[in-house]
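Chemist: Here is a sequence together with a model predicted from it:
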Amino acid sequence: MTTDLRRLGRMVKQAQWRDHRAVDAALHGVGTTLAQWDALRAIATRPGASAHALALVTFQSDQAFGTLTTRMAARGLVERHPGVGRRVRYELTAEGERLLVAGQEAADRTLATLFAPLDEADRAALTSILGRLLGEDDDGGSADGDGADGGARPGSDTPEDDR
């Protein structure tokens, strides 16, 4: 019997959409959105990265990321500093760091509930299978050096590109 690949693709998308909505709802409870929290994570884990690189790993366009970080700066979550050339360097404020931690705790609780129907062996198997589909190595990074939490979109340059 052959697997219905359209059904499989739809199921992966449905699981992602369910997780996205649930985590976003949990993050609203701590005063942020999934987009803002993802930007906080990217800035915290990639000091000095270009706005373009940060946009890539948060699955946003450069313009959307710039708009988002402008709103976040107005809320006192991030600071924007001049970098080399036209590059802007982002840094979390104390409030941004607090929100990042609160968001991580909310997301962890939510994801634990969402993945509760799977035992640890199932979770490990699913992680391994999805990692193979995404071209990740055994450490969670892609074969071309992108990070495990995003990396470049198919057909795009690497996150470190400074276009």
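Modeler: That came through, no problem. Residues are numbered from 1 along each chain as shown.
Chemist: Tell me where this structure has helices.
Modeler: Counting by DSSP state H, the chain has helices at residues 5-28, 34-45, 51-57, 62-74, 94-114, 120-134.
Chemist: quick check: angle from the fourth one to helix 34-45?
Modeler: For the pair helix 62-74 and helix 34-45, the angle between their directions (axes from the mean of the first three to the mean of the last three CA atoms, to 10 degrees) equals 80 degrees.
Chemist: Show me which positions of helix 62-74 end up buried.
Modeler: F65, G66, L68, T69, M72 (16 or more other CB atoms under 10 Å). From N, CA and C alone the C-beta is placed, and that goes for glycine too.
Chemist: what is the rounded mean pLDDT of that helix?
Modeler: Mean pLDDT, helix 62-74: 96.
Chemist: by how many degrees do that helix and helix 94-114 diverge?
Modeler: 120 degrees.
Chemist: please renumber so the chain begins at 59
Modeler: From this message on, residue numbering opens at 59, which makes the last subject helix 120-132.
Chemist: What is helix 120-132 packed up against?
Modeler: The helices and strands touching helix 120-132, judged by 3 or more CB pairs under 8 Å, 6 or more residues apart in numbering; DSSP states H and E, are helix 92-103, helix 109-115, strand 136-140.
Chemist: among the ones you listed, which is the most enclosed?
Modeler: For these, average neighbour numbers computed from mean count of other CB atoms under 10 Å are highest in helix 109-115, which has a mean of 23.
Chemist: quick one: low-confidence parts of this protein?
Modeler: 196-221 (pLDDT under 70).
Chemist: which residues sit in contact with V81?
Modeler: L92, A164, A165, T168, L169 (CB atoms under 8 Å, 6 or more residues apart in numbering).
Chemist: how about S186, what does it touch?
Modeler: By CB under 8 Å, 6+ apart, S186 has no neighbours at all.
Chemist: Can you give me the distance of it to R76?
Modeler: Distance check for S186 against R76: by CB to CB, to the nearest Å, it reads 21 Å.
Chemist: likewise A160?
Modeler: 22 Å.
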